[in-house]
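In: Give the three-dimensional model of this entry:
(chains A and B)
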Amino acid sequence: MRATPLKSLASLTLAVLVLAGCSQGLLGDGGTGDQSSAPAQGPIVLGMLIPQSGSEAAIGPYMSNAAQLAIDEINAKGGVLGRKLELKTADDACDPQSASAAANKLVTEGVHISVGGYCSGATLPTLPIFGRANIPMIIPAANSQELVDQKLKHVFLINGTGSQQAAAAQKWVDKQGAKSVALMHDNTSYSKDIAVRSQDLLGDKAVIVEAVTPKESDYSANITNVLAKKPDFVYWTGYFQEGGLIARQLRQAGYKGSIMVADGAVSPKLAEIAGDEAAEGVYATMTQTPETLQGAENWIAAYKQKYNADPGPYSNQSYDAVRLAAEAITKAGGTDGAKVIAALEAVDGFPMFSGPLKFTPEHTLANGGFQILVVKDGAFTLQDPLA
Amino acid sequence: MKGPGQDPAAPGPDSALSGSDAPPETGAPQESVPSPGSGSPAETGSAPGSAEARPPGGSRATGPKTRLRGTTKPPTVASRLLQNRWAGLAGLLVAILAPFVNATPYALSVMTSAAIFVMLAAGLNIVVGYCGLLDLGYAAFFAVGAYTSGVLATRFDLPLLATVPAVLVATVIAGIVIGAPTLRLRSDYLAVVTLGFGEIIRITANNLEVTGGPSGVYGIPHLVDGPVAFYYLTVAVVAVAVAGAARLGRSRLGRAWRFVREDEDAAEAMGVHTYRVKLAAYIAGAIWGGLAGVLFGAHLSAISPASFTFLQSALVLMAVVLGGMGSMPGVVIGAIVISILPEILRDLADHRFFLFGVLLIVVMLLRPQGLWPARSKEALK
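Out: Numbering: from 1, shown residues only, chains lettered A, B, ... in the order given. Next up, the predicted model:
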């Protein structure tokens, strides 16, 4: 009995070491994610981290479908540098731990550039993982300030940032001549960021910053707090479920002033939840969407034809992220990380849905492209491009 | 807390048989207990669940079905294997050799996460498995550890190692703060209160400025350079933690824990200071969880309240129950299964958590006592 386990341990060790010699193990040479030395052949792989499970799972297909659409279009024209593009998606579940494993999976599978990232909290831990593997990241949706503050060379954001959205909100408040503004957020990273930045910009005009608990059905306590300050402008920076309820309950409480919501609340569902009467005239700060773009009809038609569904939030940004990646790789003449990053930094005037692209030194959009929408007959329409 | 191991609804003949003419255990004589490094193996034998360890009313509960074999005829190959004190070393060896088979960043990341999860499960096993205190908010201690080290390291530019003493202090305080008032409660009440504390810690982290609010702490420095080195460091720490927890379970304190679990009133009557003993289990669990939090922060480099939800507490508890409550090798296996299975099923995308759930149900149907149930050394004498 004593010798047996030792023997079996020894044979186990032997077996493992034999395996190690011929595979991806430490003694082998594979799987370090070092593509730059690989020969320039085979498809160019684009990695995309999106939520496919968990609370934000609904967003995933909007992003991956649009990215695939762009890839199919580019491949139909002969690909990039004679190589086809290929999309690899992985589920980040909007959770830092899953995202970190998923990012490592993409790195292991040899992606050349990352075009994903929706939840800011889940995207943060993936930055060093892609960074270590020298993989540039074009982030289509996640836009919290923490992604920018780290000043990482390989990270590019093509969604407007919280500060740009707050600036757009402040512009519109001034234009409307509002005197006292109530800011309401739901305590998520994205929402609070916009509210706090708006408060900074508005100064004395911001009379109250009210945090609400998401996923409740009755916000009358919050609304009583807000209305006690007698605001003539309410800015909700969270998502549409709560936004619709808040708009309705504000009107029910007899509030007569303006209501504005941020881009997370821009959805046809908002008017459904609020009821057409309460939703009418609700403003929104929003980047350009397919619906508000001139000349996007063809794109929407192509998307509909391929997926038998309407494009949704961040479809256009994901589509642009892939096109931008293809452009940068073409300019760089290959997939070498440093060269692609240099090419991205040099991009000037690349046509995107949000307008001609140029990156700031922080790798965010020089122009956030936020505009003001308004609900008319239950749908968001363009009110003011704020150009 | 009634676990499968002591389900009163499953009376069986074996409790009457136990302690009969079982053959002497060949593998592990108690006197020559191996060094702490061997960890989990030797512990198997002493794990709770025996009729002898129970108060006289012990016939209400039964040990695992497989024990019947162990008590009535010579142990089968399988049960010899389970009792083998080399099993833990073999597990450690597998962990050490794994990177030689596959050292891709993905594999290393998943294995490191699994190792950290093992440490969490080992900690919760002290609380739930040994002492029988149902804790539904274990992620709170994990969060306290991760946040303490993360905040100190990023705000004061300290190396992560230097934050460990502070983490120990913080988790012990958290253990006392949470445990002192709640451990006077029993069973369901304790579960509800711990559930509440788990949420309080998470929501506090979500609302404090110093913890970075909802986006959390990022840019946490590495403990060591490179994923391979970090993996080995994690394995080393976790091995010591698992071995430590197993040894603790066999100590005088561990016996007191088992006694409290089996019958608190009887324990009290026999002179066990049950409140103090329970608090000790709680604090030990807190320290294990907190140190796992440090590793977690170093591994991900960013932490946010999203990592410390009730689901996390439930998953750790699931690992303990799935593996076999009170059985350290079982808990280690349970934790590995819980953390690796979703990754193996990753290619199924949307369906993976559905299948994950189905597989867990199947395991519980086929092995209701857990994958590697706790068995007492006493029962095999």
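In: residue ranges for the strands of the chain, please.
Out: Defaulting to chain A. Taking DSSP state E, the strands of chain A run over residues A:44-50, A:85-91, A:113-114, A:137-139, A:155-157, A:181-185, A:206-211, A:233-236, A:258-261, A:283-286, A:348-352, A:355-358, A:371-376, A:379-384.
In: Let me rephrase: I mean chain B.
Out: Under DSSP E, chain B gives strands at B:217-218, B:302-303.
In: Tell me which of those sits nearest to chain A.
Out: Proximity to chain A (C-beta to the nearest C-beta) singles out strand B:302-303 among the strands of chain B, at 4.0 Å. For glycine as for every other residue, the C-beta is placed from the backbone atoms N, C-alpha and C.
In: Given that closest one, what are its sheet partners and their directions?
Out: In the sheet, strand B:302-303 lines up against strand B:217-218 (antiparallel) (DSSP bridges).
In: mean confidence for the partner strand?
Out: Mean per-residue pLDDT for strand B:217-218: 86.
In: one step back: quick one, which of the strands of chain B is packed in tightest?
Out: Compared across the strands of chain B, strand B:302-303 shows the largest average neighbour count, a mean of 30 (mean count of other C-beta atoms under 10 Å in any protein chain shown).
In: Would you mind measuring from residue B:248 to residue B:184?
Out: Here the criterion is C-beta to C-beta, to the nearest Å. By it, residue B:248 lies 23 Å from residue B:184.
In: Near chain A, which residues of the stretch 1-150 of chain B? Just list them.
Out: Neighbours of chain A within the stretch 1-150 of chain B, by C-beta under 8 Å from any C-beta of the partner chain: B:26-27, B:80, B:84, B:86, B:89-90, B:93-94, B:97-110, B:113.
In: List buried residues within those.
Out: For the residues of the stretch 1-150 of chain B next to chain A, a neighbour count by 16 or more other C-beta atoms under 10 Å in any protein chain shown gives the buried set as B:27, B:80, B:84, B:86, B:89-90, B:97-110, B:113.
In: Could you list the buried residues of stretch A:119-135?
Out: Neighbour-count burial for stretch A:119-135 [16+ other C-beta under 10 Å]: A:119-131, A:133-135.
In: what about residue B:207, neighbour count?
Out: 14 (other C-beta atoms under 10 Å in any protein chain shown).
In: Looking at the strands of chain A, which is nearest to residue A:73?
Out: Smallest distance to residue A:73 across those (C-beta to C-beta): 9.8 Å, for strand A:85-91.
In: Contacts (any at all) between chain B and the closest one?
Out: Yes: against chain B, strand A:85-91 shows contacts by C-beta under 8 Å from any C-beta at A:90-91.
In: Name the residues that touch stretch B:267-278?
Out: Defining contact as C-beta atoms under 8 Å, 6 or more residues apart in numbering or on different chains, one finds that stretch B:267-278 is touched by B:131, B:133, B:179, B:183-184, B:253, B:256-257, B:259-260, B:264.
In: Close to chain B: what parts of the stretch 51-200 of chain A are there?
Out: Where the stretch 51-200 of chain A comes near chain B, counting by C-beta under 8 Å from any C-beta, the residues are A:52-53, A:57, A:90-91, A:94-98, A:100-102, A:104-105, A:107-109, A:120-122, A:124-125, A:128-129, A:132-133, A:144, A:146, A:150, A:187-189, A:192-193.
In: Tell me which residue of the stretch 201-350 of chain A lies closest to chain B.
Out: Among all residues of the stretch 201-350 of chain A, residue A:211 sits closest to chain B, at 8.0 Å; criterion: C-beta to the nearest C-beta.
In: Can you get me a residue count around the nearest residue to that residue once chain neighbours are set aside?
Out: Distance criterion C-beta to C-beta, 6 or more residues apart in numbering or on different chains; nearest residue to residue A:211, sequence neighbours excluded, is residue A:187 at 4.9 Å. By other C-beta under 10 Å, 18 other residues sit near residue A:187.
In: related to what we said a few turns ago, comparing residue B:248 and residue B:184, which residue is more hemmed in?
Out: Neighbours per residue (other C-beta under 10 Å) separate residue B:248 from residue B:184, with residue B:248 holding more: 20 against 12.
In: what sits against the more buried one?
Out: Residues in contact with residue B:248 (C-beta under 8 Å, 6+ apart) are B:126, B:130, B:254, B:284.
In: Pretty sure residue B:124 is one of the things the last one touches, is it not?
Out: When you say that, I think you mean residue B:284. No: between residue B:284 and residue B:124 no contact is recorded; they are 10.6 Å apart, counting by C-beta atoms under 8 Å.
In: out of the two, which sits in the more crowded spot?
Out: A count of neighbours by other C-beta under 10 Å puts residue B:124 above the other of residue B:284 and residue B:124, at 30 against 23.
In: any idea how far residue B:332 is from the more buried one?
Out: Counting by C-beta to C-beta, the separation of residue B:124 from residue B:332 is 12 Å.
In: Return the set of buried residues in stretch A:109-119.
Out: A:110-119.
In: Spatially central residue for chain A, please.
Out: With distances taken as C-alpha atoms, centre = their mean, residue A:141 lies nearest the centre of chain A, 1.1 Å away.
In: Check it and give its pLDDT.
Out: pLDDT, residue A:141: 87.
In: Now residue A:175. Nearest residue, chain neighbours left out?
Out: residue A:384 (7.4 Å).
In: so that neighbour sits right up against residue A:168, yeah?
Out: No: here residue A:384 lies out of contact with residue A:168, judged by C-beta under 8 Å, at a distance of 9.7 Å.
In: okay, these two: which has more neighbours?
Out: In this view residue A:384 and residue A:168 are compared by other C-beta under 10 Å, and residue A:168 has more residues nearby, 25 against 14.
In: That one and residue A:371 touch, don't they?
Out: Yes: using C-beta under 8 Å, residue A:168 makes contact with residue A:371 at a distance of 7.4 Å.
In: got any residues that touch both of those two?
Out: By C-beta under 8 Å, 6+ apart, the residues touching both residue A:168 and residue A:371 are A:285, A:386.
In: Neighbour-wise, which one of the contacts of residue B:248 leads?
Out: Tallying neighbours with other C-beta under 10 Å puts residue B:126 at the head of these, with 33 neighbours.
In: Which positions in the stretch 251-381 of chain B make contact with chain A?
Out: Contact residues (C-beta under 8 Å from any C-beta) of the stretch 251-381 of chain B with chain A: B:299-304, B:306-307, B:342-343, B:346, B:349-350, B:352-353.
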